[in-house]
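1. sequence first, then the predicted structure, then my questions.
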Amino acid sequence: MAKANAKPELGNYTIDQVFARRELGNMIILHEYPLSIVDHMGFRRYSSALQPLFKIPTRNTVKSDIINIYEHEKKRVMKLLEGIKSRVAVTSDLLTFGNQKKGFMAVTGHFIDEEFILQSRILRNHQYHLQPIHPNYNFTGDPAMAQPMTSFQASSSTITELKLLRYCNF
C-alpha cells in the first residue's frame, strides 16, 4: 500500500498541450469560471504542481480555444440534426434577472433519436435589453421577443430539419 506522502515516480512522460488546453476550456465552460482564472496565482501554482510541463495559456488563447470548442459542438449538433428521421419540436424560454434589464431567450429543439430517447439541444440563444414591464406583460406580442421564432411561423404544425437548420444560421 502506498503512503500518503510518497512521491510517485514518473517515467518518460510528455504532455499533450492541445488536449490539456481543450480540457481547460471545457472546465471553464462547464463550471462557468471567468477567463481570468488563468491569471489567478492559486490556479497557476496548482497547475504547476500537477504538471510542471503544462504551459498555462493567456486569456485570449483560452477565449480562442472556447470559440473553437463552440464551433466544433455546433457542427456536431448540425450533423446530428441532419441524421435524424423524426420531427423536431421547438420551444423557447425567456430568462430574466430581477433588477437587471437583461433577458435571454433560448430556442431549444427536441426530438426522438434512433433509440427512441428524447434528446434536446439548445439551437440558439439571444440577449435582449428589456424595458421595465408589467408582471402580466404578454411577450408573444412584442416584435423584439417574437423575432427569433418568426422563422417557425409555417402553415404546418411541424418543422422539418431543413427549416430548423436554416433558422439556426448553421
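-> That came in fine, so what should we check first? Bear in mind the structure is a predicted one, so any value in this text is a computation, not a measurement. Numbering: from 1, shown residues only.
2. next up, the contacts around the closest residue to K63 other than its chain neighbours.
-> Spatial nearest neighbour of K63, excluding adjacent residues (CB to CB, 6 or more residues apart in numbering): L35 at 5.8 Å. Quick note: C-beta positions are derived from backbone N, CA and C, even for glycine. For L35, the contacting residues are 28, 59, 62-63, 66, by CB atoms under 8 Å, 6 or more residues apart in numbering.
3. ramachandran angles for L35?
-> When read as degrees, to the nearest 10, the backbone of L35 gives phi -60, psi -30.
4. okay, it and D65: tell me how far apart.
-> Between L35 and D65 the distance is 10 Å, computed by CB to CB, to the nearest Å.
5. please indicate which of the contacts of L35 are buried?
-> With neighbours counted by 16 or more other CB atoms under 10 Å, those contain buried members at 28, 62, 66.
6. from M27, how far off is the last one?
-> Here the criterion is CB to CB. By it, I66 lies 11 Å from M27.
7. which single one of the buried ones among the contacts of L35 is nearest to R21?
-> Distances from R21 to the buried ones among the contacts of L35, taken as CB to CB, are shortest for V62 (7.6 Å).
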